[in-house]
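>>> generate a structure from the sequence data that follows.
(2 chains)
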Amino acid sequence: MIAETLYTGFGAWNPIVWLIALAVALLFAWFIQRLGEPDIPGEGESGKSYISGNDEPSPEDGHIGGSNLYWGFTEAMKGYYARVVPLHTGCLTDYVLWFLGTFALLFILIGVI
Amino acid sequence: MMDFIIANAPALLIALPMLGAFALPLVGRLGDTPRNAWVLGVALITFVIAALLAWTVLSGGPVLYTFGAASPADAIPADSGGIPIRIVFTVDAMSAFMAVFASFVGLVTCLYSVASERRSSGKDGYYALMLLLLVGILGMVCTGDLFNFFVFLEINSLAGAALVAYRIDKGVSVEAGLKYGFLSTLAGLMVLYAIALLYGQYDSLNMAVIASRMSYTMLDKVALALFVAGLALKAGAVPMHFWTPDAYSMAPGAVTAFLVVASQAGLYGLFRILFSVYGLTLSYVTVGWAVIILGVLSMFVGVSMAIPQKDVKRLMAYHAVSQSGYMLLGVGVGLVVLGDAAAMDAFGRTAMEGGIFHIVNHAMYKGLLFLTAGAIFLQTGTRNLNKMGGLGHSMKWTMLFFIIGALAIAGIPPFNGFASKLMIYESVFAFSPVIAVIAMVVSILTLASFVKVFHAIFMGPEQPKYEGVGEVPKPMLAAMAVLAIMTILMGVFPEQIVTTVIAPAADALIDQGAYVATVLGGI
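You can find the predicted model right below:
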């Protein structure tokens, strides 16, 4: 079974060609990696992680938690989030109001316009 | 025997899981193993019947099944004045497509539940509700009768709400189930009211009859607004999506994966009403833009709300909202150009195919992601991303399946999400470059969000608190593997899927005349 090209009307996509290209790229990557130094010292001071001269933290402290990632994104978008997050009140009556409001808008759009 | 099964496949598709559900309290008394075998057997046979029905439809055209008639194909009795008075199932390529993948996900989630629910009590009720949820979905996608559609919508909603609340977690899951049940019932009542408006005008509940008589009066417009609002709520479209993070996060993993399909049945209902019942009579540009706006809002609000989430299942629930936006967008673009043959040929059909293809792709990769989330919760007891880490050391298979699902939802080649998103991007770009760019940005944000989840759960040093954590039982891994394999195969062979299944499904929606003729015989 050979994958056929998917035509989207404007372009085309053939996953097999893409997979072959990926395999070639991975082969190159593997070849470049092989050129590296194989005998990295694994013990003693030279084998430790270097974190700007600081001690390596414990496993509990060393893992960056989910909420620490994308702090910059949420900070930059805080104006948006300050408006959108409070709308998610968790209150069922609010959900019903949103539903009725959306129906009213749809009715105006479909029935009147 | 085989001829009998094929001839009665639409009825068996509903009767079998219903019988399976109602017999469970008896079968369950025999023990865990007979009950599991019964549930898996019923789910497997249902899937086989759905596949047979799909094969019949794709090879021979739409199947008409009239309940109570001497011949199932005889929808209109001689003395009825030309009206099909019995309940009719009208299974075209779109219905068959939905039935096949819904029953497939039903089978996979039951397989997963065999292991994930093994330590829980009340399994008779749990599996009975799972099979009834399957009945609701299959009935919604197969029926050609509007009141019957409402009945199956209610079965879908009530079984879903009961499943959300089934595993009581300090009352929170009961609250989530109540919200889901209440809003679904409200949506169902709206749909029922819309059906009453159409019945009052056209003296029939049959979709094909109503389609043939549709005159798009003011009452029809009111009914249409009720349908769109009610079914869009069921599909979790913004700004009626609020129930999704509550319900999806509190339901067991297998249930959440199946609830995705239950929501997509609502989406199917919306498309069926718009294209097959109203068709060209409605002001398709206005209504199409309404669907597009719901889609764009769902895409952006869903993904932007997902990024700051700390609960892995709430995060995935917001992504489910976001992905539904792609389906609404693709099909909405097709609706806008429904009356413009040139635009339909140029990009409208491709947009619809992309949207429909995304439905099944979403069911596969989002189902997979929810199953991985369920596996992680089962082993760690938490959904909080801040409390996880280093699980890649001990849950390697789960990590692999998560990677496949995450790359697929982000639209990374060669997984299935890429193929359907590519079709949507390119066709929507021809319609509106700005909306296409929004769709691409949403994909990038989706990738960013799942990089965060992957890092938070699997990366980092092994955590001492998860020292004893190992891989989940084999049935759970098998269920995830099946969905992962489908995610890959549908990405590597997209043209085969589109040509064989998706294009006929899109054509079935577009060709309202063929739908009407299936029931009324070319009237």
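
>>> residues making contact with stretch B:192-203?
With contact meaning C-beta atoms under 8 Å, 6 or more residues apart in numbering or on different chains, stretch B:192-203 is reached by B:83, B:146-147, B:149-150, B:205, B:209-210, B:213-214, B:217, B:219-220, B:222-224, B:226-227, B:230, B:277. Placement of C-beta: from N, CA and C, glycine included.

>>> which ones, among those residues, also lie beside chain A?
B:222, B:224, B:226 (C-beta under 8 Å from any C-beta of the partner chain).

>>> would a markdown table of those with secondary structure and pLDDT be doable?
Shown next, in a markdown table, are those (DSSP: H, G, I helix; E, B strand; the rest coil; pLDDT from 0 to 100):
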| residue | secondary structure | pLDDT |
| --- | --- | --- |
| B:222 | helix | 95 |
| B:224 | helix | 97 |
| B:226 | helix | 97 |
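
>>> tell me the one of the residues you listed nearest residue A:97?
residue B:226 (16.9 Å; C-beta to C-beta).

>>> ok, that closest one - contacts?
The contact partners of residue B:226, taken as C-beta under 8 Å, 6+ apart, are A:103, B:190-191, B:193-194, B:197.

>>> which residues of the chain score low on pLDDT?
Going with chain A. Across chain A, the ranges flagged by pLDDT under 70 are A:1-3, A:40-43.

>>> you answered for a different chain; I wanted chain B.
Across chain B, residues meeting the criterion (pLDDT under 70) sit at B:522-523.

>>> and it, what are its domains?
B:1-281, B:283-492 (automatic domain parsing).

>>> of all those, which lies closest to residue A:21?
For residue A:21, the closest of the domains of chain B is domain B:283-492, at 10.1 Å, according to C-beta to C-beta.

>>> doesn't residue B:257 lie inside a strand?
No: in this structure, residue B:257 is helix, not part of a strand, as judged by DSSP: H, G, I helix; E, B strand; the rest coil.

>>> and it, how many neighbours?
Neighbours of residue B:257 under the rule other C-beta atoms under 10 Å in any protein chain shown: 31.

>>> now swap in residue B:148 and tell me
20.

>>> list the contacts for it?
B:87, B:139, B:205.

>>> the same query, at a cut-off of 10 Å, please.
B:67, B:87-89, B:139-140, B:142, B:205-207 (C-beta atoms under 10 Å, 6 or more residues apart in numbering or on different chains).

>>> again with residue B:79
By C-beta under 10 Å, 6+ apart, the residues touching residue B:79 are residue B:85.

>>> give me phi/psi at it?
Residue B:79 adopts backbone torsions of phi -100, psi 20, taken as degrees, to the nearest 10.

>>> look up how far chain A lies from it.
38 Å (C-beta to the nearest C-beta, to the nearest Å).

>>> returning to that earlier point: among the contacts of stretch B:192-203, which are in helices?
Among the contacts of stretch B:192-203, DSSP state H puts B:146-147, B:149-150, B:209-210, B:213, B:219-220, B:222-224, B:226-227, B:230 in helices.

>>> which of those residues are buried?
B:146, B:149-150, B:209-210, B:220, B:222-224, B:226-227, B:230 (16 or more other C-beta atoms under 10 Å in any protein chain shown).

>>> now do the longest helix along chain A: everything it contacts.
Criterion DSSP H: the longest helix present in chain A is helix A:15-34. For helix A:15-34, contacts defined as C-beta under 10 Å, 6+ apart pick out A:2-6, A:14, B:413-416, B:418-419, B:488, B:491-495.

>>> nearest spatial neighbour of whichever residue of chain A sits closest to chain B, skipping sequence neighbours?
Of all residues in chain A, the one sitting closest to chain B is residue A:66 (2.8 Å; C-beta to the nearest C-beta). Among residues not flanking residue A:66 along the chain, residue B:385 sits closest, at 2.8 Å (C-beta to C-beta, 6 or more residues apart in numbering or on different chains).

>>> close to chain A: what parts of the stretch 251-400 of chain B are there?
Within the stretch 251-400 of chain B, the positions adjacent to chain A are B:282-283, B:286-287, B:289-290, B:293-294, B:300-301, B:304-305, B:307-312, B:314-315, B:318, B:345-351, B:353-354, B:357, B:384-390 by C-beta under 10 Å from any C-beta of the partner chain.

>>> now the helices for chain A?
So, for chain A - with DSSP H - the helices run A:15-34, A:59-62, A:71-76, A:78-84, A:92-107.

>>> out of those, which one sits most buried?
helix A:92-107 (a mean of 16; mean count of other C-beta atoms under 10 Å in any protein chain shown).
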